[in-house]
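In: Take a look and give me a structure for this.
(chains A and B)
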Amino acid sequence: MYRTIKKSTFQEAKDKLIYFDWIFFSLILLLICVGLLTIHTVDSSSTNYLFKHFLRICFSLGLFFLVALVNIKFWYRFSYVFYLIITALLIYVDFFGLSALGAKRWINFYFFNIQPSELMKVGVILALARYYQYIKIEEIDHVSKLIIPLFIILIPFFLVAKQPDLGTGIFILMVSIGMLWLAGLNLKIFVTGFFSLLVLAPFAIAFLKPYQKQRVLTFLNPENDPLGSGYHIIQSKIAIGSGGFFGKGFKQGTQSNLEFLPEKHTDFIFTVFAEQFGFFGSLMLILLFFAIILTILNISLKSQNNFSRLVCFGIGFNFFVYLAVNLGMVTGLIPVVGVPLPIISYGGTAMLTTMFALGLVMSAKIHKDHNL
Amino acid sequence: MEYFTPSPKKGSESKGKIISRRAFVLTAFKFAFFATIVSRLFYLQVVKRDEYIVRADKNRFRNWKLAPSRGVILDKNENIIADNFQVFKIAVIPKEVKSVNKFFLSLSQIIELKQEEINFYKKQLSKNNKYQPFVLSRNLNWKEFSKINYNIQKIEGVQPFVSYERTYAFPYEFSHILGYVSAPNKQELNTMDSNLRGVPNLKIGKIGLEKKLNEDLLGSPGSATYEVNVFGKRIKQVVQEDGKNGSSIKTTLDKDIQKYAYERLKNNPGSVVVMDITGDVLCCASSPSFDSNKFTYGMENEEYKSLLQDEKKPLVNKALTTVYPPASTIKMLVALSALENKIITKNFLHTCKGKVELYGQMYHCWKDKGHGRVDLGGAIKQSCDIYFYEVARLLGIDRLQETANNFGLGKKVFENFIEEKEGLMPSTLWKKTVLGKPWFLGETMIAGIGQGYMKFTNVQLCKMMAQFANGGYKITPSFVQSEKKELNEKIISNEEHSEFLLQTLYQATNEPGGTSYSSRINGNMKFAGKTGTAQVRRISQSERDQDVKNKDLPWKYRDHSLFAGFGPTNKPKYAITVIIDHGGSGSAVAAPIARDVMKKIFEKDLKANNV
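Out: Reported below is the predicted structural model:
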């Protein structure tokens, strides 16, 4: 009955805005502002990062609203298709992609380059959430029910690792494992999987490219080769450490101003921030991120269907892995892998993917009472 | 709290619970990780803050030392003989570049560099201390220099700078006595004052006066601290500390005399030393010579090799380093020693028959027919060898050695000249302790005519001559102008003796029959001196029979030609010694050169007095 009354699109959108989570949105906006501010400090007239970053934000925000206002039902139906499209793009990249730094990762669209591996992080979440929506809890640990998810996970993993981009590959793997865990798989399966990985690890190392091995070795002892590959970590630690408690002040970061920081506008942007605003500023930023993750958690808990719930948890976990890997990397806790800081870092696809994912969360919130 | 409570729908109740429960576990894990990150940040930013601030400063501050301008060297009339010219150079601190190959590659894209040049620099760079600036020896022209400054971002670690390079006004004439400067070697770096380390393009004196006076000439370096970016480009200057330039030094050398002496020596390998009777050295020229500027501006390897291998030894300062038998120039000292020790009087007579036999050994005079019966004056004037064999025999080597020691023979004349040689004045004790053999009488006899073990440098002979000329006062020769020296320590006890010997020398040069009569100076100002012809090997009987001429022998077997003199004779003021390596007889080669140089000095003195 309810459905038969055709509402105007405008009216529909207006209804949806009632459920729009303004706290969640303001947190995101706050993060965007921090990002713009930090990009501004590393910008110069020749690079013009701020303007490009701003354009991308506008575009991504548009996408965010679009995704948020589309019913989560649509994403439920569309999730396998979405997954398959991105898999196709990954295969396309292997043949026709732009190569940079010895890896084929990008597809050239007219106005920016798309990195399908980045989109795949959301693709896997959607596909797995869709799959586990109707699997009964009694059947979930059955081997026959494990085959499809394994394919969903391993196909993109190998495609991405082949590019070669092991970092993103492992990233996808981690998010997927998180999804399987959330879906309710028995702990025994994870333990078995972990030990079989340990056994397989030596064989896997044989397949690593020399630069990948080098990265791991450098991580283990960065001071060994201060001008070589350990340079990133050392300079990053110097920048963060020299910031002190309150930081060197806005635009006063010597490490970033004098270009000692590598990749300062992308993966090492947190370093730039920490140098200028110190421990206090960094703590505030991390609290902001954590608040966003808690909000996502809250939204997922309130969702009425398992698909929305799994998608939100997955995206929250994805967001967390981004943060964990990036912050762990710049503070020297884990090896250097090219992972941007969500929303803050300069870069197209990551921004787009993040905002798309957050849009999905918002959609889940708006349509929390809808059935699939 | 109600915010976090799930309200699952029917059907999916149990599964939803599992999902929520696991999400909580995961959130706890996330919280733990954030706590880890925060404590890591606390560790980096609060605990280790100071350490990282130091490291950040080390990144961005570069201390660049500024080489002090080396002191200028002047001659006695304040003419500059060693100056500094501005040069444009580039340096690199090996520690600050990631790849040497890349550095040279990017450098060669800006300025023209030959592959050999690059290889040479790379080889040198590998020996360079990692923290010491490595200066490319090549000098840039203004165009190249500005090109590098313009493109500095493209070459990581390059440091263009302006420096001063030692430049000699008379690179050939003064090359031996002034020496040259060059980059310090490892050993010198280690012994050097610590604040001089790390000074780019620092050059230190390697030899000659540059080495002897290095400390005063050097000064102390200044430094400037710059904030630099990762490419080594200077963003701004933070601190500047001025150094002290080296003090300029006024020497006793006379540019005109030195130039003239060198001109006069040009075709004769040898040396000329002139000092005034108080010990100020006016001229110290050595020939053949080399271009000392090439040691600062660069010399081809081939050229350096050929200088090293030349049998006429252009790199050696023949006035200080080469030792010669004094030959007949020692006769004055033998005579003086005999007079002072009251062995003979000036009226002592002896007959010269051209040769004399002693214990089966034949001793010859230079004049085959002999000089007949001569007294001391005649023997010096005509340089009779037989007379001096006899005097030496009577005198004995040890008494002669004592007198020679008083005159400074066989001892270094200057302090801190690494190239100066001591020479040798033998004695019975010396032979016993050093050679472990007893002294023979025949050795005493040939010592009387300045042959045998005796070996002196040109400056020692000149000092001896100056001490005769000043009436027998001990002097300490020097190259640096100082307060007027006092002459108070006498080394000739009887004034009559010195007057007599100078008188005899006057006769030897200015009266017919004297050995250097043909090289006299006519006019009011006269000069006088003693010739010497030093054998460098024994003359065999067959050669005497065949009357082999000196000029027919290979160059290195020919006699050395010596002359030691003073002037003006009426009021002695200067002493001069000339030694020509394998030049032949003293009267034919060395004496005319001495006369010309002395004449030049007289002319200069006259001009100065008239003005």
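
In: Every contact and neighbour count from this point should use C-alpha atoms.
Out: Will do.

In: Provide the count of other residues in contact range of the nearest residue to B:Leu349 once chain neighbours are set aside.
Out: Distances taken as CA to CA, 6 or more residues apart in numbering or on different chains place B:Asp375 nearest to B:Leu349, at 4.5 Å, with adjacent residues excluded. Other residues lying near B:Asp375 total 18 when counted by other CA atoms under 10 Å in any protein chain shown.

In: again with B:Ser286
Out: For B:Ser286, the tally of surrounding residues (other CA under 10 Å) stands at 33.

In: my read: it touches B:Asn317, true?
Out: Yes - with contact defined as CA atoms under 8 Å, B:Ser286 counts as touching B:Asn317 (5.8 Å).

In: Need the overlap of contacts for those two.
Out: Common contact partners of B:Ser286 and B:Asn317 (CA atoms under 8 Å, 6 or more residues apart in numbering or on different chains): B:His176.

In: in the chain, what spans have low per-residue confidence?
Out: In the absence of a named chain, chain A is used. Counting by pLDDT under 70, chain A shows low-confidence ranges at A:1-7, A:97-105, A:108-112, A:215-229.

In: I was thinking of chain B, sorry if that wasn't clear
Out: Using pLDDT under 70, the flagged stretches of chain B are B:1-14, B:232, B:483-484, B:611.

In: got the phi/psi numbers for the residue nearest the centre of chain B?
Out: Residue closest to the mean C-alpha point of chain B, counted by CA atoms, centre = their mean, is B:Gly208 at 1.9 Å. With angles defined as degrees, to the nearest 10, B:Gly208 sits at phi 70, psi -160.

In: For the nearest residue to it once chain neighbours are set aside, the count of nearby residues, please.
Out: Among residues not flanking B:Gly208 along the chain, B:Gly179 sits closest, at 4.1 Å (CA to CA, 6+ apart). Counted by other CA under 10 Å, the residues lying close to B:Gly179 total 22.

In: elements contacting the top helix by length along chain A?
Out: For chain A, the helix that runs over the most residues, judged by DSSP state H, is helix A:269-302. Contacts defined by 3 or more CA pairs under 8 Å, 6 or more residues apart in numbering or on different chains; DSSP states H and E place helix A:269-302 against helix A:22-42, helix A:231-243, helix A:306-330, helix A:348-366, helix B:13-42.

In: Buried residues in that helix, which are they?
Out: Buried residues in helix A:269-302, counted by 16 or more other CA atoms under 10 Å in any protein chain shown: A:269-283, A:285-286, A:288-290, A:292-302.

In: A:Leu310 contacts A:Ile299, correct?
Out: No - counting by CA under 8 Å, A:Leu310 does not reach A:Ile299; the two are 11.0 Å apart.

In: The residue of the stretch 351-500 of chain B found nearest chain A and B:Met362, how far apart?
Out: The stretch 351-500 of chain B approaches chain A most closely through B:Ile418 (44.2 Å), counting by CA to the nearest CA. To B:Met362, B:Ile418 is 41 Å away according to CA to CA, to the nearest Å.

In: neighbour count winner among the two?
Out: B:Ile418 (15 against 11).

In: Can you give me every residue that contacts that one?
Out: B:Ile418 makes contacts with B:Ile207, B:Gly208, B:Lys212, as judged by CA under 8 Å, 6+ apart.

In: which parts of the stretch 251-372 of chain A sit against chain B?
Out: When proximity is defined by CA under 8 Å from any CA of the partner chain, the stretch 251-372 of chain A lies next to chain B at A:254-255, A:257-260, A:278-279, A:283, A:286, A:297-298, A:301-302, A:304-306, A:310, A:313, A:320, A:324, A:327-328, A:331.

In: 6 Å instead?
Out: For the stretch 251-372 of chain A, the contact set with chain B under CA under 6 Å from any CA of the partner chain comprises A:Leu258, A:Glu259, A:Phe260, A:Phe279, A:Asn298, A:Leu301, A:Lys302.

In: count of neighbours near the nearest residue to the third one once chain neighbours are set aside?
Out: Read it as A:Phe260. Among residues not flanking A:Phe260 along the chain, B:Val230 sits closest, at 5.2 Å (CA to CA, 6+ apart). Other residues within reach of B:Val230, judged by other CA under 10 Å, total 20.

In: what helix or strand is B:Val230 on?
Out: Using DSSP states H and E, B:Val230 maps to neither a helix nor a strand.

In: wait, isn't it in contact with A:Leu261?
Out: No - B:Val230 is beyond contact range of A:Leu261, at 8.7 Å (criterion: CA atoms under 6 Å).

In: just to revisit the earlier point, looking at the residues of the stretch 251-372 of chain A next to chain B, spot the one nearest chain B.
Out: For those, the minimum distance to chain B (CA to the nearest CA) is 4.3 Å, reached by A:Leu258.

In: what residues are up against the closest one?
Out: Residues near A:Leu258 by CA atoms under 6 Å, 6 or more residues apart in numbering or on different chains: B:Asn229.

In: what about 8 Å?
Out: B:Arg60, B:Val228, B:Asn229, B:Val230.
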